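> Model the structure of this input:
(one chain, ligands or ions: 1)
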Amino acid sequence: MCGIFGYRGKDLQLVYLLEGLKKLEYRGYDSCGVIAYNLGKFLCKKNSGKIEELKESLTDKLNNKYSSALLHTRWATHGKPIKLNAHPHKSSKKNIHVVHNGIIENYLELKKKLKKKGYKFKSDTDSEITANLIASFYKGSIEEAVFSAVKKLKGAFALGVLSEFEPDKIIAVRHKSPLLIGAAAEGFFLASDLPAIVSLAKEAVYLKEKQIAVLSAEKIKLYDFNGKRAKVNKEKINIKTVSTNKKGFKHFMLKEIYQQPKVLRDTLDIYTKNNQINFGQLKLTKKYLKGVKNIFITACGTAFHAAHVTKYFLERHTNIKVEIDTSSEFRYRDFNVNKGDLFIAISQSGETADTLAALKKAKKRKAKILSICNVIGSSLARESDSFIYTPAGPEIGVASTKAYTTQLMCLYLFCLHLATIKNTISKTNKNNILKELFKIPLYQKKILRQNKKIAMIAKKFSKAGCFLFLGRGINFPSALEGALKLKEISYIPAEGYPAGEMKHGPIALIDEYRAVVCIAPMDDLHEKMVSNLQEIKARRGKILAIINPADAEIPSFSNQIIYIPKLKFQEISPLLVVVALQLFAYSVAKNLGAEIDQPRNLAKSVTVE
Ligand code: F6R
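You can find the predicted model right below:
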């Protein structure tokens, strides 16, 4: 998704500023640009393509120093990914430059009005109207013009504004799209995302909803949308610098897949003490948790699959009603969440627009909000009553891997914690599941050691035109996740289905050219999966089975097999199954020469609806 990086302070080299923008690359983008100012001179350049190309086109200016700057990475929503649509956008009168994240919903209506006033438009974007709109209110004070303009805008917008008449000020606006300011010795850094500034600043000012910041060389002034001054709260940044080192791995995704045993071990260390679950920091009291009757869980994409696994696990071990939905549905549904219900939002980035909107809706209805999130200072974490941090570390590959399994581990532990408080699980049962959770990192390593074999299997399947992923019970979400991983990085159509539903439609797809990935660990639904496999075999479908080594039946029906260790409590097997699926998807995509870490059209942090 689009990224904003900005600067106001002592003179800094352009190359340094471009490095800041590069920290936002992992979000996914298709074009980029910069406006920078110093000593009466402006530099304005945009390009379709990568920041490296922008840098190459500015070779002779890289050592030039600038005291005000706005930089942007664009992820196309309105208009193609071409230079003309890249940011910054400049107003056709009064020389105002704007970078924008989000979507302006009433841009067509505003465009019409501005055209009547003589303003010209060059791009197909919604963003360009913000520059012309601000210009239409400009009478000598850029902040006054911004105060007036924001009242006319509908939708989501984080803006960075620079006027050529007042280049000693950078204006920042936050409305439903995150924006923060890093305070450093040399000046202020503006960013849409914390990772962009963690190595640059020790303190951050997180803009609140409907706040406007005016950055001068020495000061931040904060206002609400009515121009009323607000207090500036600087907070210590306590996350580590994002590592952009692949540590010998060919892709970040592969590195992150291999990090899973370590980050799951860290998760267990953080949330257990003396081999017992310990959520000491959780702001949800035992009294509250004992009484909770309804739980709603929301998330998007991979994080939603973590919600799905959690539903199965919670339903087995507690008497709580659990409802799940994708955030984009929850936010517009009349779901029956009430005061005292627990609303859990799961997100790697903590900035996903739909998840934040669903959360806000539940908050309005006075539900208690618990977020499971990988970014401490994120909007999601800040909006929640309580927060469980997933210590996966920064995830750079766009396809989520280690964040997913860390979410799962946190959620398994939280569910056991809840079941213990509610007395719906025996102590022995809980301790035995916990013991097995401790073995997961070791078991994951066993799967990772099969990487070469999985790569060979992937070679055999890479030419399949379409994939069906089947699973049952708690591994139905694993089937969804396997299909999502494969399609997003290899672009092969893939569908995840509950195996029991196969006869109700997807079986029509099966012939000798289609691949079916069957997830069938030896659990209480194993026999049902065996029947499904026979049905696929009878139709000559190519089967890749994910099974346990002790399985005596499935190998005879399968074309290829990936073994995962057998667990006593198969309900935690999604933590193993997914590692095999991630490696498989990765190898298929690699065989096809796909851009694994930044797949086309995808963004790491989906900050628009
Ligand atoms: C898939 C993937 C996405 C995200 C989804 C939610 O590999 O990464 O489906 O899971 O966009 O993002 P977060 O977790 O940041 O809310």
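> Next one, pLDDT for the residue of the stretch 1-150 of the chain found nearest the ligand please.
The ligand sits closest to Met1 of the stretch 1-150 of the chain, with a gap of 9.5 Å, by CB to the nearest ligand atom. Placement of C-beta: from N, CA and C, glycine included. On pLDDT, Met1 comes in at 73.
> if I pick it, what's in contact with it?
By CB atoms under 8 Å, 6 or more residues apart in numbering, the contact set of Met1 is 27-29, 75, 101, 603-608.
> So which of those belong to helices?
If you go by DSSP state H, the contacts of Met1 have nothing in helices.
> Not counting sequence-adjacent ones, nearest residue to the residue in the chain that the ligand sits nearest to?
The chain approaches the ligand most closely through Gly301 (1.8 Å), counting by CB to the nearest ligand atom. Ranked by CB to CB, 6 or more residues apart in numbering and with sequence neighbours excluded, the top spatial neighbour of Gly301 is Leu484, at 6.7 Å.
> Around the one you found, how many other residues sit close by?
Per other CB atoms under 10 Å, the neighbour tally for Leu484 reads 22.
> try the one 4 residues further on
The burial metric for Glu488, expressed as a neighbour count using other CB under 10 Å, is 22.
> and the particular helix or strand that has it in it, what other elements does it pack with?
Here Glu488 is covered by helix 476-490, with elements defined by DSSP states H and E. Helix 476-490 is packed against helix 301-317, strand 467-471, strand 494-498, strand 515-519, helix 574-591, with contacts defined by 3 or more CB pairs under 8 Å, 6 or more residues apart in numbering; DSSP states H and E.
> would you turn those into TSV with mean pLDDT, distance to Ile425 and mean neighbour count?
Compiled in TSV, the helices and strands packed on helix 476-490 are given as follows (pLDDT from 0 to 100; distance: least, CB to CB, whole Å; neighbours: other CB atoms under 10 Å):
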stretch	mean pLDDT	distance to Ile425	mean neighbour count
helix 301-317	97	5	23
strand 467-471	97	24	28
strand 494-498	97	26	21
strand 515-519	97	25	28
helix 574-591	98	19	26
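> Those into a markdown table, with extra columns for distance to Leu437?
Formatted as a markdown table, the helices and strands packed on helix 476-490 follow (distance: least, CB to CB, whole Å):
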| stretch | distance to Leu437 |
| --- | --- |
| helix 301-317 | 12 |
| strand 467-471 | 20 |
| strand 494-498 | 25 |
| strand 515-519 | 20 |
| helix 574-591 | 8 |
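> Compare those and give me the one nearest Ser177.
helix 301-317 (18.8 Å; CB to CB).
> Leaving out sequence neighbours, find the closest residue to Ser127.
Distances taken as CB to CB, 6+ apart place His100 nearest to Ser127, at 3.8 Å, with adjacent residues excluded.
> Using the three-state scheme, assign Phe343.
Secondary structure, DSSP: H, G, I helix; E, B strand; the rest coil: Phe343 is strand.
> how far away is it from Ser478?
Distance, Phe343 to Ser478, by CB to CB, to the nearest Å: 25 Å.
> Of the contacts of Met1 - the most surrounded one?
Going by other CB under 10 Å, Asn101 tops the contacts of Met1 with 30 neighbours.
> Which strand residues bridge that residue?
Using DSSP bridges, the bridge partners assigned to Asn101 are Ala158.
> Now do the contacts for the residue nearest to Gly301.
When contacts are counted by CB under 8 Å, 6+ apart, Leu484 is found next to 301-302, 305, 494, 496.
> Lys208 now?
By CB under 8 Å, 6+ apart, the contact list for Lys208 reads 174, 230.
> Helix, strand or coil: sort out it for me.
When classified by three-state DSSP, Lys208 comes out as coil.
> can you offset everything so residue one is 422?
With 422 as the first residue, the last one maps to Lys629.
> Can you report phi and psi for it?
Main-chain dihedrals, Lys629, degrees, to the nearest 10: phi -90, psi 170.
> What separation is there between it and Ala651?
Going from Lys629 to Ala651 by CB to CB gives 8 Å.
> Then Leu505?
Leu505 is 37 Å from Ala651, by CB to CB.
> Quick check: Lys536 is in a strand.
No - counting by three-state DSSP, Lys536 falls outside a strand, being helix.
> Is it in contact with Glu549, as I believe?
No - in this structure Lys536 lies outside contact range of Glu549 using CB atoms under 8 Å: 11.6 Å.
> Give me the contacts around stretch 929-936.
Residues outside stretch 929-936 that contact it (CB under 8 Å, 6+ apart): 882, 885-889, 937, 957, 960-965.
> Mind telling me what element Phe835 is part of?
helix 823-842.
> Can you show me the CA trace of that helix as PDB?
Extracted in PDB, the C-alpha atoms of helix 823-842 (Å, rounded to 0.1, in the frame of the first residue of the first chain):
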ATOM      1  CA  LYS A 823       5.800 -16.300  10.800                       C
ATOM      2  CA  ALA A 824       3.200 -13.800  11.800                       C
ATOM      3  CA  TYR A 825       0.500 -16.400  11.200                       C
ATOM      4  CA  THR A 826       2.000 -19.100  13.300                       C
ATOM      5  CA  THR A 827       2.900 -16.600  16.000                       C
ATOM      6  CA  GLN A 828      -0.800 -15.500  16.000                       C
ATOM      7  CA  LEU A 829      -1.800 -19.100  16.300                       C
ATOM      8  CA  MET A 830       0.500 -19.800  19.200                       C
ATOM      9  CA  CYS A 831      -0.700 -16.700  21.100                       C
ATOM     10  CA  LEU A 832      -4.300 -17.700  20.400                       C
ATOM     11  CA  TYR A 833      -3.800 -21.300  21.500                       C
ATOM     12  CA  LEU A 834      -2.300 -20.000  24.800                       C
ATOM     13  CA  PHE A 835      -5.000 -17.500  25.300                       C
ATOM     14  CA  CYS A 836      -7.800 -20.100  24.700                       C
ATOM     15  CA  LEU A 837      -6.200 -22.400  27.200                       C
ATOM     16  CA  HIS A 838      -5.900 -19.500  29.600                       C
ATOM     17  CA  LEU A 839      -9.600 -18.700  29.100                       C
ATOM     18  CA  ALA A 840     -10.700 -22.400  29.400                       C
ATOM     19  CA  THR A 841      -8.800 -22.700  32.700                       C
ATOM     20  CA  ILE A 842     -10.500 -19.600  34.100                       C
END
